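1. One predicted model, sequence on top.
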Amino acid sequence: MDDRPPGYALRRAVSFASARARGRETAGLWDRPALLDLVSDLLMLFVLLAALYALAIWFLARPFFTVREVVVLTPPAQVTVAQIEYAARSSITGNFFTVELEGVRTSFEKLPWVRRAEVRRRWPDAIELRLEEHQPVAYWTVAETDEIHLVNRQGEVFVAASNADMPDFAGPPGSAAFLLARYREYTEVLSPLGRKPVGLWLSPREAWKIQLDDGMVLLLGREQSNAPVGQRLERFVRTWPQAAAQIGVDIAMADLRYRTGFALTPAGQDQPMKGMQ
């Protein structure tokens, strides 16, 4: 006969379940072999990667990969060998793998006459260099300083020295490309006269002035809605041969700022002649 009180079996079952639950709760990391293996593998992988990284850094820092040569792929016309050597020595640091190409490119682009530079590595110990040089088309007088710079084919002002036979430009800051475009336009318009402009100036008030290769100065003035500058210049080109034959004297200046004609100033005089219609 079972003398155990009622509910004993139920309480015992509950006690066993609670003990098993407490056992699971107290089982930590050290009682989980699979988890320990995973953590161990991850730690080993981390240590291996760190060792490989340190080895790579050490290996790349060895003197085996010294940059020994700069190969210039575009023969320079204005940049000298001495300038290239100076830029290379001052900017190429580290070895083949660690040299900072952007810094090398910037150093070459600071040289006079260099518009753009491209650099890249050439295995195993060289740097390839491509130079785009400025191609000057005009002199540029800097406003308020009278310093002479140069204008390239793209209408950009750059600092360099030249003795080439080129026209003179002057205008507000940032207007070089505009003057170059107008110079090309006016050169085409003046070609029937057998003359070409050797000077082009734009005042701060946007008034134009041209000097021709025979010394004559053309005052074009500002743009006018009823008489644009180009239209007045074309009229002068059409009428000048006949006017020059009639006048028979050397003209120093032609004032084209009139809507229907122009005034002429003979060489050696300060006052213009009667206007030509």
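-> Happy to help now that I have it.

2. Centre of the chain to the helix or strand Tyr53 falls within, how far?
-> Per DSSP states H and E: Tyr53 is located in helix 33-60. Relative to its chain's centre, helix 33-60 lies at 45 Å (C-alpha atoms, centre = their mean, to the nearest Å).

3. Need the mean per-residue confidence for that helix.
-> Across helix 33-60, pLDDT averages out at 73.

4. so after that helix, what's the next helix or strand?
-> Next along from helix 33-60, by DSSP H and E: strand 69-72.

5. Pull out the buried positions in that next one.
-> Buried residues in strand 69-72, defined by neighbour count with 16 or more other C-beta atoms under 10 Å: Val70. Placement of C-beta: from N, CA and C, glycine included.

6. Next secondary structure after that strand?
-> helix 81-91.

7. Output that next one in CSV, but only the C-alpha positions, please.
-> Extracted in CSV, the C-alpha atoms of helix 81-91 (Å, rounded to 0.1, in the frame of the first residue of the first chain):
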residue,chain,number,x,y,z
VAL,A,81,64.7,67.3,-68.8
ALA,A,82,66.0,69.1,-65.7
GLN,A,83,62.4,70.1,-64.8
ILE,A,84,61.1,66.6,-65.1
GLU,A,85,64.0,65.2,-63.0
TYR,A,86,63.3,67.8,-60.3
ALA,A,87,59.6,67.0,-60.2
ALA,A,88,60.3,63.3,-60.1
ARG,A,89,62.9,63.5,-57.2
SER,A,90,60.7,65.8,-55.2
SER,A,91,57.5,63.7,-55.5
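
8. related to what we said a few turns ago, mind giving me the packing neighbours of the helix holding Tyr53?
-> Using 3 or more C-beta pairs under 8 Å, 6 or more residues apart in numbering; DSSP states H and E, no helix or strand is in contact with helix 33-60.

9. heads up, I number from 92, so please use that
-> Yep, numbering from 92; the last one is helix 124-151 now.

10. can you give me the strands for the protein?
-> 160-163, 205-213, 217-224, 227-232, 239-243, 248-249, 259-261, 288-293, 299-303, 308-312, 342-346, 354-357 (DSSP state E).

11. for the record, mean pLDDT for the first one?
-> Averaged over strand 160-163, pLDDT sits at 95.

12. quick revisit: want to throw the strands of the chain into JSON lines with distance to Ser282?
-> JSON lines is the format used below for the strands of the chain (distance: least, C-beta to C-beta, whole Å):
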{"stretch": "strand 160-163", "distance to Ser282": "40"}
{"stretch": "strand 205-213", "distance to Ser282": "29"}
{"stretch": "strand 217-224", "distance to Ser282": "29"}
{"stretch": "strand 227-232", "distance to Ser282": "17"}
{"stretch": "strand 239-243", "distance to Ser282": "21"}
{"stretch": "strand 248-249", "distance to Ser282": "27"}
{"stretch": "strand 259-261", "distance to Ser282": "19"}
{"stretch": "strand 288-293", "distance to Ser282": "11"}
{"stretch": "strand 299-303", "distance to Ser282": "12"}
{"stretch": "strand 308-312", "distance to Ser282": "15"}
{"stretch": "strand 342-346", "distance to Ser282": "17"}
{"stretch": "strand 354-357", "distance to Ser282": "21"}
